[in-house]
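A.B. asks: quick one: sequence plus predicted model below, questions after.
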Amino acid sequence: MKTRIIFSVILIVAISVTSFGFGIPAPAANKNFNRDLIVKNLINGINSGNEGLRLSSAYFLGEMEADEAVIPLLKILKSDPNEDARILAALSLYKIDDSRGLFAIKQAITFDDSEVVRRTCSLFYRAYLEKSIK
């Protein structure tokens, strides 16, 4: 009977430590934040052969407003065969708000082969103009 109580107490303590993390310090999320390394890895992701990785990397570079990614994103906008990739590159260039990217979006309105890409770039450029007026 006594061993059963001791076993139950040990089991409860073990479960509470593993479930609730008592005694284990929480990792500091922002202590090791290295923006340059993240941008470099995302640019490597753009250059990979994995389509999902390429698209998500392009998106997150726009979210981070990474000026270093303008040239790779311009390359995608100009010459990628995938319409979705070109639209995502245009969105990221719009979010980065670099003059080279905005000029490329403006050019894509006229010269892109896809009607969908032209229309979407037109929406991005119009949003940029409205934002710059305010």
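C.D. replies: Arrived safely, thanks for sending. Residues are numbered from 1 along each chain as shown.
A.B. asks: gap between Ala89 and Leu37?
C.D. replies: Ala89 sits at a distance of 22 Å from Leu37 (criterion: C-beta to C-beta, to the nearest Å). Quick note: C-beta positions are derived from backbone N, CA and C, even for glycine.
A.B. asks: between the two, which is the more surrounded one?
C.D. replies: Neighbours were counted for Ala89 and for Leu37 using other C-beta atoms under 10 Å; Ala89 has more, 33 against 10.
A.B. asks: show me what contacts Val116?
C.D. replies: Glu83, Ile87 (C-beta atoms under 8 Å, 6 or more residues apart in numbering).
A.B. asks: and with 6 Å instead?
C.D. replies: Glu83 (C-beta atoms under 6 Å, 6 or more residues apart in numbering).
A.B. asks: residues of the host helix or strand of it that come out buried?
C.D. replies: Secondary structure assigned from DSSP states H and E places Val116 in helix 115-133. Neighbour counts over helix 115-133 (16 or more other C-beta atoms under 10 Å) mark Val117, Thr120, Cys121, Phe124, Tyr125, Tyr128 as buried.
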